[in-house]
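Enquirer: Pasting the sequence and the predicted model now:
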Amino acid sequence: MQNIPWTEKYRPKRVSEVAGNKEAVENFLKWLRSWEAGKPGKKAALLHGPAGVGKTSLVLAYANENNMDVVEVNASDFRTAERIKQIVGMSSQQRTILGKKRIILVDEVDGIAAREDVGGLPALSRIIDETKVPIVMVANDPWDQRLATLREKSILIEFKRLPRTTVQAQLKRICEAEKIECPDDALKSIAERSSGDLRSAINDLQALAAAGKISREALNALGYRTRDKEIFAALAMAFNAKTVREGRLALEGLDLDPPSFFQWIFDNAPEQIPDVRVLSDALEKLARADIHIQRVNNLQRWSLMKYAIPLMTTGVAVEKRKLQPRFVKFSFPSKIRFMTKTRAEREVREGIAGKIAKLCHLSTRKAMRHMLPYLKCIVQKNPEEGRRLAKALGLSSEELSYLQRAGS
Amino acid sequence: MRISIIPCEAGYYRVMTAVGRAEQQELPWVEKYRPKTLDEMVNQDEVVVTLKNILKTRQVPHMLFAGPPGTGKTASAHAFARELYGEGYLEEGLFVEVNASDERGIQTIREKVKNLARSIPFGPIGFRIILLDESDQLTDDAQHAFRRIMEQFSTTCRFILAANYANRIIEPIQSRCAVLRFRPIARELVINHLRKIAGNEDVEVDEKALEAIYDFSEGDMRKAINILQASASISRKVDEKTVYQVLGYVSKGEIRRLLEMGLAGKVKEARDLLREMLYVQGISSSDILTGLYREIPDLNITEQAKVELIDELGELDFRIAEGGTPEIQLLSFLAKIAKKARS
């Protein structure tokens, strides 16, 4: 299964491969050279800038190129002073294990919550004072009041959004490596939409590449077009429609069918409506809209679609208006990403289920739901019997090994 | 061939045969112990009487087998065909299975089913039987196309439609079929059947384990047998704990987690978990609904809120049955829980 996210697969291995931000890269190297010389001016570096521009990648590429160990902690790993001391403190004192040099990477420092992570930041600050290895911190927003002390002790290295051409060049490189056909104007529109966030551009590319080839039509089907701003404009209109008429207008001239637009609204709703009580009412409107849309599908009666549209636009907007207005960026539907990410796994499961189905007089769907979990249990709990069953069902060794690994 | 004589509830003995082809021994038990004759059918007396009457007269109508999963719809169709045509019913192409949910569009009906239906089979009985499994998965369009085929080729072909929900079959089709209703299988009968299988497989199962399996299966024989087989693969001596081990394996408390995310107002997390359950693991929305129904009484909310949620759950169930997208409908429900927990 070759289902590594491309953002991982194509992470730069060497510093020279890091796209853009030449000045930041230069400053970072200069700082590390001062460590090499044994006299760093500041013991920590704070890399800051928007998401997906290569901050973490730079650190990893440098470590990889110089054969260093990376001790990586991100906000989700640690919480309190205690934990920080445990993870970061210890490794900051031993310069080597097995003769390898080390670098400490503290990702998302601005994500260390003041309340829950009691003493986390002061502990980090003390560790910087005493560290014997370089500490690199990464943050989107370094100007948070709580980071003041850390800022003083660090060299600040700023990363900027990547120019569209840089993003596009990276996408092209990936397409070539993956042998995907993709017209330049399609790459351009993906790059443009990313607003300089290479990670999201690569993710979008992978999502779109699910069909093996990226054509204008694929972009269109996903509402992903050169005039891509239209879809965001339509979303903005939908989420803010004051009248039923305005809600209907959101879809007008939009080259996207209502069910696809529904997916955009549905997947963006949680971010747009952060209060769960209000979100609940908005989701109910969307659930009603879904009923109308599915009737269209099941009865093949397009005339029913018109009932869904005011529900999914104005219906959601009237709920959203109960909250303070604020701007939150729209994003690509997470459903599409999810389906891409899980495609390989779903295919193996379907293959197995298909074989069970044939033998047991079931549909593939039923086999997947009613047989596969038990088969998995048998394979994992009693390997010998599992192998016999797999043989009787005619499963391939890949399929058997999926069952052995799955869901543990 | 392996023959075992098994005591039956009414005090007589029945010979149970496990077909002896070597590989058949290794088949999943649901297949290995699938009833081969109408007499072996469990708990569907009315259905069996009707089918036997039909066999006597050889006047076979189109039939609609309606009932919950694991109650013997497919099995009785096979048994019926075997008794009508003889052992070679499958090999000779006299009985053909088509799965509506695997190919649910109008195209399947137009091409596959139509071609099958129009050809005259070889043999003394001048028609073929086509089992259209999960026919409630067909779109309305496909059903309408199908209805014409039913009439057009009724001399060369009879249909058995199997469906979980008869109400999702359009009226004109229903009225052209003899409707046979399958019931969830009664507790003692499920337990007796499991005992027989266990005896045949040299597995010891204690009473509590059997009760636990039944409770979870709710009259779905397929599920019950699967749990038994998985339990037996863990230990040849199955007790309640073994059964729970399997159940814990089969569902890792996801429903509970869904509800907790709902209560905590974590809508996005709930959405991601739902997607994992529905699209990757292929858990059916009806299993999720059953699970939710079971967990609601234990939630940490007022009793009034629970009653309201159960009302909402009924609405949710209905909407999904009507064709609503499970992910969307379920997420809306979970968000309602979040709202109730906050008011």
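Expert: Arrived safely.
Enquirer: isn't B:His193 right up against B:Val42?
Expert: Yes: between B:His193 and B:Val42 there is a contact at 5.7 Å, judged by CB atoms under 8 Å. Just so you know, the C-beta spots here come from the backbone N, C-alpha and C atoms, and that holds for glycine as well.
Enquirer: what sits in contact with each of the two?
Expert: B:Ile185, B:Met221 (CB atoms under 8 Å, 6 or more residues apart in numbering or on different chains).
Enquirer: how far does stretch A:313-329 stretch from start to finish?
Expert: The first and last residues of stretch A:313-329 sit 17 Å apart, counting by CA to CA, to the nearest Å.
Enquirer: Any buried residues in that stretch, and which?
Expert: By 16 or more other CB atoms under 10 Å in any protein chain shown, the buried positions in stretch A:313-329 come out as A:Thr313, A:Thr314, A:Gly315, A:Val316, A:Ala317, A:Val318, A:Glu319, A:Lys320.
Enquirer: just those residues now: which is nearest A:Ile84?
Expert: Of all the buried residues of stretch A:313-329, A:Ile84 sits closest to A:Lys320, with 39.0 Å by CB to CB.
Enquirer: pretty sure that closest one contacts A:Ala241?
Expert: No: assessed by CB under 8 Å, A:Lys320 is found out of contact with A:Ala241, at 9.5 Å.
Enquirer: which SS class is residue 64?
Expert: I went with chain A, as the question did not name one. What DSSP: H, G, I helix; E, B strand; the rest coil gives for A:Asn64 is helix.
Enquirer: wrong one, I was asking about chain B
Expert: Under the three-state scheme (three-state DSSP), B:Leu64 adopts strand.
Enquirer: still on that earlier bit, put together CSV for the buried residues of stretch A:313-329, with pLDDT on each row.
Expert: Shown next, in CSV, are the buried residues of stretch A:313-329 (pLDDT from 0 to 100):
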residue, pLDDT
A:Thr313, 96
A:Thr314, 96
A:Gly315, 96
A:Val316, 96
A:Ala317, 96
A:Val318, 95
A:Glu319, 95
A:Lys320, 94
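Enquirer: quick one: low-confidence parts of the stretch 301-408 of chain A?
Expert: A:407-408 (pLDDT under 70).
Enquirer: Could you check how many residues crowd around B:Asp206?
Expert: Neighbourhood size, B:Asp206 [other CB atoms under 10 Å in any protein chain shown]: 14.
Enquirer: Just the terminal-to-terminal distance for stretch A:358-374.
Expert: Start and end residues of stretch A:358-374 are separated by 17 Å (CA to CA).
Enquirer: now the helices for the stretch 301-408 of chain A?
Expert: Applying DSSP state H, counting those that start in this stretch to the stretch 301-408 of chain A gives helices spanning A:305-312, A:314-320, A:334-341, A:343-360, A:364-366, A:372-381, A:383-393, A:397-405.
Enquirer: Mind putting the ones you listed into CSV with distance to chain B?
Expert: As requested, the helices of the stretch 301-408 of chain A are exported to CSV (distance: least, CB to the nearest CB, whole Å):
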stretch, distance to chain B
helix A:305-312, 11
helix A:314-320, 11
helix A:334-341, 5
helix A:343-360, 5
helix A:364-366, 5
helix A:372-381, 4
helix A:383-393, 4
helix A:397-405, 12
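Enquirer: quick revisit: of B:His193 and B:Val42, which one has the most company?
Expert: B:His193 (21 against 17).
Enquirer: what about that one, is that helix, strand or coil?
Expert: helix.
Enquirer: Which element, helix or strand, includes B:Ala198?
Expert: If you go by DSSP states H and E, B:Ala198 is part of helix B:187-200.
Enquirer: Please name the nearest non-neighbouring residue to the one residue sitting closest to the centre of chain B.
Expert: Centroid-nearest residue in chain B: B:Pro69, 1.8 Å away (criterion: CA atoms, centre = their mean). Nearest non-adjacent residue to B:Pro69, counting by CB to CB, 6 or more residues apart in numbering or on different chains: B:Asp220, 5.4 Å away.
Enquirer: That neighbour is in contact with B:Gly70, isn't it?
Expert: Yes: B:Asp220 is within contact range of B:Gly70, at 3.2 Å (criterion: CB under 8 Å).
Enquirer: So which of those two has more stuff around it?
Expert: B:Gly70 (25 against 20).
Enquirer: quick one: B:Glu31 and A:Phe28, what's the gap?
Expert: For B:Glu31, the distance to A:Phe28 equals 63 Å [CB to CB, to the nearest Å].
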